[in-house]
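Give me a model of this one.
(one chain, ligands or ions: 2)
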Amino acid sequence: MLHQTTTAQPIVDDRRQTDTMTDTEPSSPPTQQNIRPRESESSSPPPSAALSEPPGAGYIDGDRAQTTVADTPTEETAAMTATAVLAITAEAVADEKAITDAAVVGEKAAAAANVEVTETAAAADEKPASTAVPLKNIEINVNNKTEVIIGVTPQMQINVNRENKIISKKLQKMEKDKLIAEHEKMWLTTKEASAVSAEDVLSRLRVNFRSGLSWKECEFRRQITGYNEFSVHQGDPLWKKYIEQFRNPLILLLLASAVVSVFMRQFDDAFSITTAIIIVVTVAFIQEYRSEKSLEALTKLVPPTCRCLREEQLESMYARSLVPGDIVYLSTGDRVPADIRLFEATDLAIDESSFTGETEPSMKTTELVLSPKGHTSMKNIAFMGTLVRCGNGKGIVVNTGEKSEFGELFKLMQNEEAPKTPLQNSMDILGTQLSVYSFFIIGLIMILGWIQGRPILDMFTIGVSLAVAAIPEGLPIVVTVTLALGVMRMANRKAIVKKLPTVETLGCVNVICSDKTGTITNNEMTVTTIITSEGYYADVSGTGYNDQGEVHLLKSFSSEQAKQSIYNLLEIGVICNNATINGETLQGQPTEGALLAVAMKNRMYGVNEKYLKLQEYPFSSEQKLMAVKCVNKYDDVKEEIYFVKGALEKVLKQCTKYSNGNDKISLSAKKEQEISTEAYEIGRKGLRVIALAKGESLQDLVYLGLVGICDPPKPFVRESIEQLYNYGVKVKLVTGDAQETAVAIGSMIGLDMIHGQTLSGTQIDNMSDHQLKAMVNNVSVFYRVTPRHKLTIIKALQANGNVVGMTGDGVNDSVALKKADIGIAMGKNGTDVCKEASDMILVDDDFQTIVAAIEEGKGIFFNIRNFVKFQLSTSIAALSLIALATIFRIPNPLNAMQILWINIIMDGPPAQRYIIYLFIYLLIS
Ligand SMILES: Nc1ncnc2c1ncn2[C@@H]1O[C@H](COP(=O)(O)OP(=O)(O)OP(=O)(O)O)[C@@H](O)[C@H]1O
Ligand SMILES: [Ca+2]
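Ligands and ions are numbered 1, 2, ... in the order given. This next block holds a predicted model:
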């Protein structure tokens, strides 16, 4: 029988033996007890088998082998038995009990499911003695060890293969059920996770926070939990929706008239009316179905992503693939992808307004909450769907999809009907008004006809047909379909509209406020210039987040000293930093990535290891400054040092000295002026300026120098702005960057810098609303603004009657994006926060797409207007034709069927294609 190791062992003999074996038993040559090739009666393996098997592999006599199960199965025996079962089925079908016993006992048994059967040619001399059928050797791979069964007839082999398959399937299934049961025991609710320590959650969900789950394990867990998403609940079946369409009172009346026609023996009328009704209903049904489908598709256009640790690699992946136990990293601007129990939180503030209604972001901690009451008290949980306003953190996914707290909310939300767009509303009103008028006129016609003594049934069917034709009950649907189709067309042009009304607004935008970094520029930052506080000046070559490039010192007086100064300066940039570069991909903020890259180019490695980070003051667009408090690990006197980087004026405010070689010199007004001029000169080239300083206290820093970071405008922005201008849309730049940088970029992209003014955040602060409103139209560049200012600017523009679009990518844009008539977010590099706040998303961050979207928006608006006009004119034509004919006692120029046909044809451009299909179909059948 088979055995587990690669050394030859005593093997269970055929029918008699039920012995158990261990791996440690010494190897012995095949004996009588061992299974040997029967036909050749030789104790040595046949040549071919010897060639194809690893040394010491066992042999099985396929003919004689039998199922044997140890009475008291141990792990080994179980494994053996399982294996035996697999092998021996050549003759005997294994009994169920054996399999079950074997499987339940040990892991090895389960591993036996790993069976591969390979056929090898039997030795030439191995001719079967008793049978004419050629024999074969088959190799069975069990637990990665090869076993050979010799002398198997083809039929036996088929049996072996078949049985092996069945057994391995059974074993796999049992193994899986067991695992599923185990996994289900380890899940915990979000509330439970909040009430225990992070370590407990980690161990309960069996994950190491340093390495994360394995891909295989994730795959398995996902089979249990499903994808991290909400299944939109299935509506009525299609046939029911189709029948629904008949529930329209007018259609019912028409049907009634068809029935009456049958009784009156006017079969051709009855037939044509019925056909027409079916077509009307089908067209309406298809339209509604299509609009539903396209609306559904909309929600799937921008799949959220997240950063997750798997097999020690930090991966950026779709949030839908998360499972409980995944380790997720959160940073400013992220949308929380699942319910997460935090085990690390640095100044982590999360906006839970969508969830709790609380407008103030909630500060998160990692400590356990003893008895959590309500969502607000669970300070150690980041809830799915909420947004990281600032700081960063790490946590473990505890619940996903519908199991998350947000899932509960989602279920409630599903029951709410989606609000109608203003356009849909006005169409509804128009529809009702038209219905009232039409009914009135139709009533008149019918009474008149009746008085004139026309056949009552004719008058009735004509009246009802007129009602069907003239009452635009399909109008709202057509509007929705047109909007939805437009939205899909925009999606093809890489602009995703989140809500239908946006399309209406797009047609009338006349001002676009655009932030600079990430919208106008690529937000791919490269340090190109360095100026130290001593005045050493260096150029940096190379682009991208890598070490390809060099730092060239220009004005060097003493080159060693200069190198040291540059080193000290760049060191701050590395330590006061949260980004990482893996290969060439950057995780984190581009500005920080640029600082890491320049240090790499200066061949500075392992700088971080020298210091231990004690505290961080994260960067925010309000402060425009970031600081970390550290100690030098190798210093005996563990002195605290602050490393600071940020906008020059903010950093200089905290500095009292500047560094000059090994000395620190007090900052004079003159020196400050000098530094500002240097910054101005760098900024004038369109570079972003970051100042770097360090010191023992945050109020008493030593200034070390500046870096200039290049981030040029994207291609074709200039052309797009020109095109927008031609459409009557003005573009304004609103940026957190310095004046000279903003102005430089502004002129690069063709903003009117001659007539347009510039305005800073501070200036806005010193203005009344009224003053701002008076001048805001003429400003083309706003600089050094905070998120609050961005909002004020939008409001002031709106107060002047503008329809304002706002584009942005960062957290600092989100409030303004929400306030703007249309918020436009960058889809690729934009933060989740800003995508959430926006109405439209540019998939590939291309500014040109805005132009395309506005074109589409205008087109759709135009289409709908035309359609309404068309519908109205045909209704009026039909009504007046019949009314006049009745008044003047002329025979009716159109019969009921003809009216209906006209109605079908005019029922909207999207429908026409289907009508043609239907006609063709009717013709064929
Ligand atoms: N990670 C950072 N650490 C420290 N300071 C920074 C950092 N990033 C940017 N700054 C400073 O803050 C200023 C602008 O920041 P802010 O976030 O308000 O604007 P932005 O979003 O980068 O630009 P825009 O509003 O045009 O998109 C920069 O000019 C720079 O001096
Ligand atoms: Ca930005």
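
C-alpha only now, for contacts and for neighbours.
Will do.

Tell me the residues on the chain that lie near ligand 1, please.
515-518, 591-592, 619, 621, 624-626, 645-647, 688-690, 735-738, 786, 810 (C-alpha under 6 Å from any ligand atom).

tell me which strands and helices the one helix or strand residue 774 maps to is in contact with?
Under the criterion of DSSP states H and E, residue 774 resides in helix 769-776. Under the contact criterion of 3 or more C-alpha pairs under 8 Å, 6 or more residues apart in numbering; DSSP states H and E, helix 769-776 touches helix 787-799.

Could you tell me the angle between the helix it packs on and helix 769-776?
Interaxial angle, helix 787-799 versus helix 769-776 (axes from the mean of the first three to the mean of the last three C-alpha atoms, to 10 degrees): 70 degrees.

buried ones in helix 787-799?
Residues of helix 787-799 classed as buried by neighbour count (16 or more other C-alpha atoms under 10 Å): 787, 789-798.

same thing with stretch 260-276?
In stretch 260-276, counting by 16+ other C-alpha under 10 Å, buried: 261, 269-276.

Please tabulate those in CSV and include secondary structure as additional columns.
Below are these laid out as CSV (DSSP: H, G, I helix; E, B strand; the rest coil):
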residue, secondary structure
261, helix
269, helix
270, helix
271, helix
272, helix
273, helix
274, helix
275, helix
276, helix
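
Name the residues that touch stretch 590-608?
By C-alpha atoms under 8 Å, 6 or more residues apart in numbering, the list of residues contacting stretch 590-608 from outside reads 523-527, 540, 544-551, 567, 570-571, 573-575, 577-581, 586-587, 709.

Buried ones among the residues you listed?
523-527, 540, 544-547, 549-551, 567, 570-571, 573-575, 577-580, 586-587, 709.

Filter those down to just the ones in strands.
Using DSSP state E, the subset of those located in strands is 526-527, 540, 551, 580, 586-587, 709.

Point out the least confident one among those residues.
pLDDT across those is lowest for residue 587, at 81.

can you tell me how far that residue sits from residue 608?
16 Å (C-alpha to C-alpha, to the nearest Å).

Residue 323 now?
From residue 323 to residue 608 the distance is 33 Å (C-alpha to C-alpha).

quick one, what contacts the residue of the stretch 201-350 of the chain found nearest ligand 1?
Going by C-alpha to the nearest ligand atom, ligand 1 is nearest to residue 332 of the stretch 201-350 of the chain, at 11.1 Å. Residues in contact with residue 332 (C-alpha under 8 Å, 6+ apart) are 388-392, 811.

again, only this time at 6 Å
388-391 (C-alpha atoms under 6 Å, 6 or more residues apart in numbering).

before we move on, back to that, filter the residues of the chain next to ligand 1 down to the ones in helices?
591-592 (DSSP state H).

Among the residues of the chain next to ligand 1, which lie within strands?
Per DSSP E, the residues of the chain next to ligand 1 map to strands at 625-626, 645-646, 688-690.

biggest helix in the protein, by residue count?
helix 848-887.

Enumerate the residues of the stretch 801-925 of the chain near ligand 2.
Counting by C-alpha under 5 Å from the ion, the residues of the stretch 801-925 of the chain lying close to ligand 2 are 809-810.

Listing request: residues of the stretch 801-925 of the chain with sub-threshold pLDDT.
The stretch 801-925 of the chain contains residues with pLDDT under 70 at 896-897, 900, 903-925.

you'd agree residue 527 is up against residue 712?
No - between residue 527 and residue 712 there is no contact under C-alpha atoms under 6 Å: 12.0 Å.

Grab the most central residue of the chain for me.
Nearest to the mean C-alpha position of the chain, by C-alpha atoms, centre = their mean, lies residue 304 at 2.0 Å.

top of the contacts of residue 332 by neighbour count?
Most neighbours among the contacts of residue 332, by other C-alpha atoms under 10 Å: residue 388, with 27 neighbours.

ok so that one is a strand residue?
Yes - judged by three-state DSSP, residue 388 forms part of a strand.

who's it bridged to?
Residue 388 has the following beta-bridge partners by DSSP bridges: residue 350.

thinking it is in contact with residue 329, fair?
No - Residue 388 is beyond contact range of residue 329, at 11.1 Å (criterion: C-alpha under 6 Å).

if we can go back for a sec, need the buried residues of stretch 260-276 in TSV (columns: pLDDT).
Formatted as TSV, these follow (pLDDT from 0 to 100):
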residue	pLDDT
261	73
269	71
270	77
271	81
272	74
273	73
274	82
275	80
276	73
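
For the stretch 551-700 of the chain, give me the ranges with low pLDDT.
Scanning the stretch 551-700 of the chain for pLDDT under 70 picks out 555-558.

give me that answer again for 90
For the stretch 551-700 of the chain, the stretches with pLDDT under 90 are 552-563, 578-589, 605-610, 612-623, 632-639, 661-663.

Could you give the number of residues near residue 583?
Residues near residue 583, counting by other C-alpha under 10 Å: 8.

ok, residue 229 - contacts?
320, 401.

quick revisit: so how far is residue 646 from the residue of the stretch 201-350 of the chain closest to ligand 1?
Separation of residue 332 from residue 646 (C-alpha to C-alpha): 17 Å.

Residue 443 - that's part of a helix, no?
Yes - judged by three-state DSSP, residue 443 forms part of a helix.

Quick check: buried residues in stretch 832-852?
Buried residues in stretch 832-852, counted by 16+ other C-alpha under 10 Å: 832-843, 845-852.

What of stretch 617-633?
617-621, 624-632.

hey, where'd the helices end up in the stretch 701-850 of the chain?
With DSSP state H, counting those that start in this stretch as the criterion, the stretch 701-850 of the chain has helices at 717-726, 739-748, 761-765, 769-776, 787-799, 814-819, 832-837, 848-887.

average pLDDT across the first one?
In other words, helix 717-726. 92.

buried ones in it?
Neighbour-count burial for helix 717-726, counted by 16+ other C-alpha under 10 Å, picks out 717-718, 720-722, 724.

which of those residues are close to ligand 2?
Within the buried residues of helix 717-726, nothing lies near ligand 2 by C-alpha under 5 Å from the ion.

Looking at the residues you listed, which is nearest ligand 2?
Distance to ligand 2, by C-alpha to the ion, is smallest for residue 717 among the buried residues of helix 717-726, at 15.6 Å.

does residue 732 really touch residue 782, like I thought?
No - taking C-alpha under 6 Å as the definition, residue 732 is not a contact partner of residue 782, at 7.8 Å.

Have a look at these two and say which one is more surrounded.
residue 782 (30 against 24).

tell me the pLDDT at that one?
pLDDT, residue 782: 95.

Check the burial of the closest residue to ligand 2 within the chain by counting its neighbours.
Among the residues of the chain, residue 517 lies closest to ligand 2, at 4.2 Å counting by C-alpha to the ion. Residues near residue 517, counting by other C-alpha under 10 Å, number 23.

do the same with the one 5 residues further on
The tally of other residues near residue 522 (other C-alpha under 10 Å) stands at 18.

Tell me how far it lies from ligand 1.
Here residue 522 is placed at a distance of 10 Å from ligand 1 (C-alpha to the nearest ligand atom, to the nearest Å).

Contact residues of the protein facing ligand 2?
So the chain meets ligand 2 at 517, 809-810 (C-alpha under 5 Å from the ion).

Now the two most distant members of the buried residues of helix 787-799.
Using C-alpha to C-alpha, the two most remote members of those are 787 and 798, lying 16.9 Å apart.

Test my guess that residue 503 contacts residue 855.
No - counting by C-alpha under 6 Å, residue 503 does not reach residue 855; the two are 10.3 Å apart.
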